[in-house]
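Asks: I'll drop the sequence and a predicted model, then ask my questions.
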Amino acid sequence: MGKVALAAKITHVPSMYLSELPGPRQGFRQAAIDGHHEISRRCRELGVDTIVVFDTHWLVNANYHILCGEHFEGVYTSNELPHFISNMAYAFPGNKELGLILGEACNRFDVETMAHHATTLGPEYGTLVPMRYMNQDQHFKVISVSALCTSHYLADSARLGWAMRKAVEDHYDGTVAFLASGSLSHRFAQNGQAPDYATKIWSPFLETLDQRVVQMWENAEWDAFCGMLPEYAAKGHGEGFMHDTAMLLGVLGWSKYDAKAEVVTPYFGSSGTGQINAIFPVTPQDGSGIPPAQAAHPGQVLSSSRL
């Protein structure tokens, strides 16, 4: 029935908003903003009606959660970085119908998930920043998915992604894009040193690690990347423990994914973290690469860095 037309790993650095404002940093994130504009252009060209964002700023301690209210509007100030994002207005439609379909599908795939449509819960800035540049005209409906998962297996996040793809293809009459909104390495500059690292990576090790990962994506080394993702998430300080990336790779077929990533905004440093905008072409998949569901056992400690 439906179609997954586009998948991408995207940045949401708050300095993109700061880059709009008069001051010493005005314009310095234009490349990242241009990357969002390009992703939006391609979504429009492909007939996308809804963007689903795996948001690494939505922290959850139990279950997976889908925010699918019918409309979102407000003024947002970041509680983490109020000096970067303050009084930022936003408005866009949601998609209750698709949100419920996605939630039901995830549960059928043994990934316990709840869809929230009648709620006062608002989106986090991992969704709001990209939608500012991709969807200011409210062209797309938007769904946000929790991807800062503190007690969850990466394998289950991959299964969630695959379940959502199947839900779109089998039960939704429309065209969808999936965006993993989060960085690569996410080691912020130490307090007091942030200005010195405004456009840098925190350490040569993390920069080298990130650069190798980008190379793997461009070379379609997906089996190897999926195998190293749990360790990369831990040792590379992956944002949200890289659950957004696991979800996106689940959408694409996980270890059996076979296309080369296209970088639309080259890798860059921001406050010590490693950032990118990259499109992952969607290819036919049969789900054979998706990992099995993980189950907790009595006395077992759940680790976000485990597969």
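Replies: Okay, I see it. Numbering: from 1, shown residues only.

Asks: ok, which stretches of the stretch 1-150 of the chain are helices?
Replies: With DSSP state H, counting those that start in this stretch, the ranges of helices along the stretch 1-150 of the chain come out as 15-18, 30-45, 96-108, 125-134.

Asks: buried deepest among these, which one?
Replies: Of the helices of the stretch 1-150 of the chain, the one with the most neighbours on average (mean count of other C-beta atoms under 10 Å) is helix 125-134, at a mean of 26. C-betas here are computed from N, CA, C, even on glycine.

Asks: show me how far it is from its chain's centre.
Replies: 11 Å (C-alpha atoms, centre = their mean, to the nearest Å).

Asks: report the angle between that helix and helix 30-45.
Replies: 80 degrees (axes from the mean of the first three to the mean of the last three C-alpha atoms, to 10 degrees).

Asks: how about the helices of the stretch 1-150 of the chain, which one is nearest Thr56?
Replies: helix 125-134 (5.3 Å; C-beta to C-beta).

Asks: which outside residues touch the helix or strand bottoming out on mean pLDDT in the chain?
Replies: Lowest by mean pLDDT, DSSP states H and E among the helices and strands of the chain is helix 15-18, with a mean of 91. Contacts with helix 15-18, where a contact means C-beta atoms under 8 Å, 6 or more residues apart in numbering, come from 25, 28-29, 32-33, 36, 84-85, 88, 129, 132-133, 198, 270-271.

Asks: can you name the next helix or strand after the longest helix belonging to the chain?
Replies: Across the chain, the helix with the greatest residue count (assigned by DSSP state H) is helix 154-171. Helices and strands here follow DSSP states H and E; after helix 154-171, the next one along the chain is strand 175-181.

Asks: mind giving me the packing neighbours of that next one?
Replies: Applying 3 or more C-beta pairs under 8 Å, 6 or more residues apart in numbering; DSSP states H and E, one finds that strand 175-181 contacts strand 3-10, helix 30-45, strand 50-60, helix 125-134, helix 154-171, helix 243-252.

Asks: now the ones you listed in a markdown table, with mean pLDDT and distance to Tyr232?
Replies: Below are these laid out as a markdown table (pLDDT from 0 to 100; distance: least, C-beta to C-beta, whole Å):
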| stretch | mean pLDDT | distance to Tyr232 |
| --- | --- | --- |
| strand 3-10 | 98 | 13 |
| helix 30-45 | 98 | 22 |
| strand 50-60 | 98 | 15 |
| helix 125-134 | 98 | 19 |
| helix 154-171 | 98 | 10 |
| helix 243-252 | 98 | 9 |
